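> sequence first, predicted coordinates after that:
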Amino acid sequence: MNSFIPGKIIIAGEHAVVEGELALVASIDRGVRVRVVEGGQREFGKDKKGLVGRAIEIARGDESIGVEIESELPVGSGLGSSAAVGAAVIRAVREHLGKPINKEELFNLTMEVEQLAHNGKSSGVDPAAVVYGGLIAYRKGEEIKKLQMPRKRQVLIVLTGKASESTGEMIEIAANNPEKERIFGEIGQVVEEMRARLVVGEEVIDLINKNGVMLEELGVVSEGARGLAEELRKMGYGAKIAGAGGIKSGAGVMTVWGEDFARAKILLDNRHIKYFETIIGG
Ligand code: PMV
C-alpha cells in the first residue's frame, strides 16, 4: 500500500495557536510517501523519537509490518515532517490491513504521534494541515474550517537552516516570554484580519510582516533569520518564519510573499541559501 501525505506551511499564528488563538495553515505540493513492506525492517535509523514505530503501533500493525519512507520534507524545518510521516504511516498500515481510515480518525491518531514529536504540547495545527490539506483556519478544539481563496498564491519557501532546538523546546521558550499574553493576543488579531483579506483576494504582505516581527519579539527567531527577513522586507516582500522557529542555529523555514520573486532569488542565490516555490489555495 502506498500513501502520500503533503507537508504544510503555517501562514500565520504559530505559537499563539498553542494558547487558543487562530492559525492559518496550508498544505504544500511536497510531502511524504510511505509503502508497507511485509517482514520489512523495524529499525528506522533517523527516527530518533521513535515516531515511525509508534505510528505502526497506533495503526495496530504487528511485528511483521515494516514501512519504506520517501520524504521530500527536511526534518525539523517547520514543513510538518513529523505529522506527515505519522499520518502517511498510519494510513498505509490501515489500508494494508484492509481497514481504511477516514480523515477524522486519521487526524486523531496522527495527533498521538505528533505529541511524541512536540513533547505533548502540539496544538494539532500540523496534523490538521497534513490530513485535511488545502488552506485551513485552525483553532484548538474547534471544527477544522477549510477556506477558499479567489486566486492561488505563489509563496517562496526559504530554508534558513535546521533549528538546533526541538519544537517542544521552542514552545517552552515562547511560553516563558513575560509578554506572551499581549503578543499572542496581537498575533490572534493579525491572523483574523489576514483570514478576512485572503478569502477576498486582498494583499497580506503587511500582515505577514507584522506577524513576523511579533515572532521575533517573542524570541523564537535566530539572528540570521531576523536579518534576512529585514532585508527582504526592505525590498518590498512579506517575510516571516513559518513554524516553531529556532534560535541558536537556523530558524527552519521562512515564507516570502510578493508577486515577483526574481530579486529575492538573486539575494538568496548570492548567499547560497536554498529555497523553493510552492502554490497555495485556489
Ligand atoms: O511543526 P512546527 O515545528 O512547524 O511548529 C508547529 C507550530 C507551533 O505553533 C509552534 C506548535 C503547535 O503545535 O501549534
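Thanks, I have the structure now. Numbers count the residues shown, from 1 in each chain.
> going forward, measure contacts between C-alpha atoms and count neighbours the same way
Will do.
> for the stretch 1-150 of the chain, which segments are assigned as strands?
2-12, 23-38, 65-71, 135-138, 145-147 (DSSP state E, counting those that start in this stretch).
> for the ligand, find the nearest of the ones you listed.
Among these, strand 2-12 comes nearest to the ligand, with 6.9 Å by Cα to the nearest ligand atom.
> near residue 271, how many other residues are there?
Applying other Cα atoms under 10 Å, we find 9 residues neighbouring residue 271.
> before we move on, back to that, just send the strands of the stretch 1-150 of the chain back as CSV, with distance to the ligand, mean neighbour count and mean pLDDT too.
Shown next, in CSV, are the strands of the stretch 1-150 of the chain (distance: least, Cα to the nearest ligand atom, whole Å; neighbours: other Cα atoms under 10 Å; pLDDT from 0 to 100):
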stretch, distance to the ligand, mean neighbour count, mean pLDDT
strand 2-12, 7, 26, 95
strand 23-38, 8, 22, 94
strand 65-71, 16, 19, 91
strand 135-138, 10, 24, 96
strand 145-147, 16, 16, 93
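> tell me which residues in the longest helix along the chain are buried?
What stands out as the longest helix in the chain, according to DSSP state H, is helix 180-198. Residues of helix 180-198 classed as buried: 180, 183, 184, 186, 187, 188, 190, 191, 192, 194, 195, 198 (neighbour count, 16 or more other Cα atoms under 10 Å).
> same check on stretch 209-228?
Under the neighbour-count criterion of 16+ other Cα under 10 Å, stretch 209-228 has 209-216, 218-223, 225-226, 228 buried.
> quick one: average confidence on it?
Average pLDDT, stretch 209-228: 98.
> for it, which outside residues touch it?
With contacts defined as Cα atoms under 8 Å, 6 or more residues apart in numbering, stretch 209-228 is touched by 12-13, 160, 170, 173-174, 177, 179-180, 183, 187, 190, 233, 238-241, 244-251, 254.
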